[in-house]
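**Student:** Model the following, please.
(2 chains, ligands or ions: 4)
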Amino acid sequence: MSSERSETGKAGVIVAPEDASAMDTLAHSVLDDLLYNIVHDLLIKVHRDEKMARAATAAIKVEKLANEASDLSTPDAKPDVRMETDAAIYEDGKVLLKGNPLKLTKEILCPRCRLPRLLYPTDGKGARKPDPGIAYCKKHPYIEKPGYDIYGQTWVAPGPGRGKKKKDVANDSNSLATGVEGGAKDRPPNVLSFPSATCSKCKRCILVTRLNNHMGSCIGNSGRNASRAAAQKICNGGSNGGSQNNDNTPPGSQKGTPLPGSRAASPRKRDMDEFDEDAEESDPTNPKKKKVKPNALPRKVILKTKPPVKKEKVKGNSMLNVEQKVDDEDGNNNGGKNSTVQVAPKKSTPAKGPSPTKKVKLGQNKLPPPSSTKKGAKRDRDMESESSGTLSSPPQ
Amino acid sequence: MSARPATPASPKNFKVKAPQPGQPLYGCEHLQRLFNQDQATTNTSIQHYKAALRIILDTTPLIPQTAKSIEGAISTSLTPTYLCLQCPWTLTEDDRAKHGNKKSHRFYVESRSGALYCQMCDDIVWDPTFEDLRLRKIGTGTFSTSGFPQAYHSNTAKFDRKRKHDELFAQDPAKDSPQFISTNTTVASCKANGLRGIYNAGATCYQNVVLQSFLHNPVLRNFYLSDGHQSNTCEMQHCLSCAMDDMFQDFYALENTNGYTAANILSGFWISDKKAFENLVTTKEQDAHEFFQFLAEELHERNGDGKKPESGSEHSCNCIIHQTFYGKLQSTTTCQSCGGVTNQVQSFLDLSLPLENLTQKKGKKHGGKIPAMTLQECLDEEYIKSDKCEYRCNACNTMQQARRQTSIKCLPNVLSIQLKRFEFKQGRNERAAKIDTPVHFPLQLNMLPYTNRAQVKDNSELARSATYDLLSVVVHVGEIDTGHYVSYCRVGDQWFAFNDHKVELAQKSEVLGARAYLLFYIVRSLA
Ligand SMILES: [Zn+2]
Ligand SMILES: [Zn+2]
Ligand SMILES: [Zn+2]
Ligand SMILES: [Zn+2]
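**Tutor:** Ligands and ions are numbered 1, 2, ... in the order given. As a prediction, the model looks like this:
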């Protein structure tokens, strides 16, 4: 430590008292230096993120100008013009900085969509009103607001008797309080409700909060653990496979770790509640062990429309047959190249389109024709009212 | 310029990084001038930058932290010093300007981070060429883009570390990368970021927390997003790996911000014929750790060599699950009678740390009151201390007392740790009890002491390969019977709290204060 700041370290914040011993003074100055380093490291990190984002913004802006000036129809070609802004020069397909981007560039453009980034959250802690006249990049700062998630969404409380565990209620008391009771029409757009999903076996539309119980009885009974299912039937006297009887399951933890919750002394309320409706759907007489996935293909195509061409490209880096190239750096390298490129088409395809399709499909096409029982009808009605909100996507 | 000219015989001419759309070519105008002088200047600048980074990252901190003033006075400080890029001089911040004015040396490497300071800008500059070198050196320990550093992880993990590292630690893989932009400017949404909740399908929060930890595991994410397992060509019925593939797609490609319904995972789970996990298949709340094991085994079988990953044997497989989670333990048993030594190697998917004994030990020491423990203490118990056991010694040909010591032979890329909070008491109605003792765990974990090379001193390569960063935390809240699972995952530097369909921002302090049940650490170097 140099003599002029012998009193303490570089931060100058942690200072030993006047009458401190030499050792004491040293300890204070070491601590003070450490504090300086912590702040310094944080600053370097933030500085890097910010300055690189601004430098990229300067580059994007001048490239945009160059593209406009050259009026090229192919966006990838490098326009043969010279362009200059306050912050950067475009020349020969290169961008050169002028001065410090931290001083000369005030906004941040998204390197992907090239739209301005919203710099403050739109709600909650530190929120600011975005300029309604500007089209911002869709990546927004995350929202920090009690009772809401990072996107500012909240959820309709699941109806009585079919949803949350008690401690969930405690956990989510905020969202419950803010969640508006009533139909979808009364809900503000950022209040979502619970969607429904299709059971892969019976193709019925089940409210998500009951999906596990449904599958337990629908698939579980005809699936792998027929013996357990049988035990359940004996226990429960019917198709009501599920809750308390699970206490009969042997404590089969492999490592002697007991299962939390698997030996519950009393059945939990929600299990009971949920069973009355879903149990009927199970078909214990169905002997098939593994059902074919009948609609697997159409679903995939809709979801991802991945071109089959990819196959050959992909196999290069597929981990499925790594065996042959464990020590083959080049192979893996190629794989690496592939993989970065590969992400692209996949990510791109589904973007907006397919998602609603999928949802719509769930909601509309999936009303199951097979069931005409009273229960089935009741469920359908249920489903409609409950899943009505799910077709709406969250606020954009 | 430097006294050391580039050897003319050397064919190695350094180039600046090729221009990327949306990125300036140089960090500042002054670096632009430096790089445009002549090839020799470019070569020496890059060589010197690499040398500075080696001093900073590979040597004892004493060397870069020791500065020499213009007058020749030597001082060592804790706070950053500056290594001149153009001569082998290290300066304090105060002396930097004097040195620059005297020698016209304008660029300095900051001793804590390796960042480059430009005196004419009077600011740190982030030059694409230099920054590439710095990140590669920090991440992998070497500058090369193809070589394998001497490392020490399981041989199932021999994939290209440079490339992996660059990809894995980019906050949005492919997203912010200019190469990606040029080919796909219009298509991928900036909104799809992998941050979504997963609906509770009825007591399935134990699955949700594990799924979230997989979704935010960079190794798995890269595997699935690069079509490691393609659900549109896989012919397996109800394939769980296909269900994972679809889930990764939905999380990282769609704009949806509402919760995700993991219906295919759930049905794949119900349909699976893993006998070992039979007891998992109930509609009741289950153990997240068992679900983790279940999912790992399933995904191994869908992607791996088809062999069962028996935990006892030394199973070498190159599937994504083995590359991600599997390491190897070595236990050494020493016969107390003849001194004979037996070594046994086992693969492990995760490390299970019992808390019960340590809790009792500490409780006794502190008069019944149980103080908080640290993760490192638990690891000490298992992988440093030895214990007594009985075994059949081959040399003595009888049962003998022996000492057994277990240490880690191969560290995994992602280290998963289970803190055994659920104590199973036999007898008394077979009730399980929960150990709620706080166990402090660090953001950065040094695993070197628990390996069989703990004694190796001063090997920065080894130390780097044993340094882990916290990736996600699974927490069981509430009583053993009625509990609920929540989790925290890190994306870049930001932590998020996942509670079924709800995703919220989380503070580091909140994460570190959690009563962890499962911990996932990712190796820093990804060696
Ligand atoms: Zn954007
Ligand atoms: Zn400069
Ligand atoms: Zn598959
Ligand atoms: Zn012996």
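**Student:** Got phi/psi on B:Leu91?
**Tutor:** B:Leu91 adopts backbone torsions of phi -130, psi 150, taken as degrees, to the nearest 10.
**Student:** And it, how far from ligand 1?
**Tutor:** 41 Å (C-beta to the ion, to the nearest Å). Every residue, glycine included, has its C-beta placed from N, CA and C.
**Student:** likewise A:Gly99?
**Tutor:** For A:Gly99, the distance to ligand 1 equals 26 Å [C-beta to the ion].
**Student:** Tell me, how many residues neighbour the closest residue to that residue other than its chain neighbours?
**Tutor:** Leaving aside its chain neighbours, A:Gly99 sits nearest to A:Ala87 (6.8 Å; criterion: C-beta to C-beta, 6 or more residues apart in numbering or on different chains). By the criterion of other C-beta atoms under 10 Å in any protein chain shown, A:Ala87 has 23 neighbours.
**Student:** Show me the contact partners of whichever strand or helix holds B:Gly268.
**Tutor:** Assigning secondary structure by DSSP states H and E places B:Gly268 in helix B:263-271. Contact with helix B:263-271 is made by A:197-201, A:208, A:211-212, A:215-216, A:219-220, A:223-224, A:290, B:201, B:204, B:207, B:211, B:238-240, B:242-244, B:246-247, B:280-281, B:294, B:298, as judged by C-beta atoms under 8 Å, 6 or more residues apart in numbering or on different chains.
**Student:** swap the cut-off to 6 Å and go again
**Tutor:** Helix B:263-271 has contacts (C-beta atoms under 6 Å, 6 or more residues apart in numbering or on different chains) with A:197, A:200, A:215, A:219-220, A:223, B:201, B:238, B:240, B:243.
**Student:** which parts of the stretch 101-250 of chain B sit against ligand 2?
**Tutor:** The stretch 101-250 of chain B comes close to ligand 2 at residues B:118, B:120-121, as judged by C-beta under 5 Å from the ion.
**Student:** which among the residues you listed end up buried?
**Tutor:** The neighbour-count test (16 or more other C-beta atoms under 10 Å in any protein chain shown) marks B:118, B:121 as buried among these.
**Student:** Can you tell me the closest non-neighbouring residue to residue 85?
**Tutor:** The chain I'm using is chain A. Nearest to A:Thr85 is A:Val62, by C-beta to C-beta, 6+ apart, at 5.0 Å.
**Student:** Oops, wrong one, chain B.
**Tutor:** Leaving aside its chain neighbours, B:Leu85 sits nearest to B:Phe107 (3.9 Å; criterion: C-beta to C-beta, 6+ apart).
**Student:** likewise A:Glu91?
**Tutor:** Spatial nearest neighbour of A:Glu91, excluding adjacent residues (C-beta to C-beta, 6+ apart): A:Arg82 at 4.9 Å.
**Student:** ok, which residues in chain A are in contact with ligand 1?
**Tutor:** A:110, A:112-113, A:137.
**Student:** Max pairwise distance over these: which two?
**Tutor:** A:Arg112 and A:Cys137 (7.6 Å; C-beta to C-beta).
**Student:** between those two, what contacts are shared?
**Tutor:** B:Cys190.
**Student:** Residues of chain B that sit close to ligand 2?
**Tutor:** Residues of chain B lying close to ligand 2 (C-beta under 5 Å from the ion) are B:28, B:30, B:118, B:120-121.
**Student:** With secondary structure added, can I get those in a markdown table?
**Tutor:** Shown next, in a markdown table, are these (DSSP: H, G, I helix; E, B strand; the rest coil):
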| residue | secondary structure |
| --- | --- |
| B:Cys28 | coil |
| B:His30 | helix |
| B:Cys118 | strand |
| B:Met120 | coil |
| B:Cys121 | coil |
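**Student:** what's the spacing between B:Gln405 and A:Met83?
**Tutor:** 68 Å (C-beta to C-beta, to the nearest Å).
**Student:** now swap in B:Gly114 and tell me
**Tutor:** In terms of C-beta to C-beta, B:Gly114 sits 34 Å off from A:Met83.
**Student:** Of the two, which one has the most company?
**Tutor:** The neighbour comparison of B:Gly114 against A:Met83 (other C-beta under 10 Å) goes to B:Gly114, with 24 against 20.
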